[in-house]
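In: Sequence isn't available, so here's the structure alone:
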């Protein structure tokens, strides 16, 4: 699993930052989906330069019980399949705050049960 970005913000207000890979360096916004009408719709919409590139869902970590955001990103640079990513805390597992707002975005191929994922953001 590789880190593909850094964002700051909160689950309530959304996140802003950068999507960074070997071939991509782009601004990213993870905005709350204010028009969510059912549980199957995403909690967030992911945008880069005015283009929607994905969606995000709030999940709850099994061990800690803390909420985190699971993302599905689709851009031509990632190839024909969506890239699944999880936001994680870059500050020793603490949730983002005004003093520690930084979170990373960790890409992985699938969300298999029992997969090792860093502490949630």
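Out: Yep, it's here. As the structure is a prediction and not an experimental result, all values here were calculated from the model. Numbers count the residues shown, from 1 in each chain.

In: hey, let's count contacts and neighbours off CA atoms from now on
Out: Fine.

In: so residue 6 makes contact with residue 15?
Out: No. Contact criterion CA atoms under 8 Å: residue 6 and residue 15 do not qualify, at 9.5 Å.

In: which outside residues touch stretch 45-56?
Out: The contact list for stretch 45-56 (CA atoms under 8 Å, 6 or more residues apart in numbering) reads 26-33, 42-44, 69-75.

In: Just the ones of the residues you listed in helices?
Out: Among the contacts of stretch 45-56, DSSP state H puts none in helices.

In: just for this protein, where's the confidence low?
Out: 1, 80-83, 87-121 (pLDDT under 70).

In: Helix or strand next in line after the strand or helix carrying residue 4, which one?
Out: Using DSSP states H and E, residue 4 sits within strand 2-10. For strand 2-10, the following helix or strand on the C-terminal side (DSSP H and E) is strand 14-20.

In: For that following strand, name the packing helices and strands.
Out: With contacts taken as 3 or more CA pairs under 8 Å, 6 or more residues apart in numbering; DSSP states H and E, strand 14-20 sits against strand 2-10, strand 25-32.

In: Quick one: closest of those strands to residue 84.
Out: Smallest distance to residue 84 across the helices and strands packed on strand 14-20 (CA to CA): 11.0 Å, for strand 2-10.

In: What residues sit buried inside the closest one?
Out: Of the residues in strand 2-10, 3-10 count as buried by neighbour count, 16 or more other CA atoms under 10 Å.

In: Can I get those in JSON lines including distance to residue 64?
Out: Formatted as JSON lines, these follow (distance: CA to CA, whole Å):
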{"residue": "3", "distance to residue 64": "22"}
{"residue": "4", "distance to residue 64": "24"}
{"residue": "5", "distance to residue 64": "23"}
{"residue": "6", "distance to residue 64": "22"}
{"residue": "7", "distance to residue 64": "22"}
{"residue": "8", "distance to residue 64": "21"}
{"residue": "9", "distance to residue 64": "20"}
{"residue": "10", "distance to residue 64": "18"}
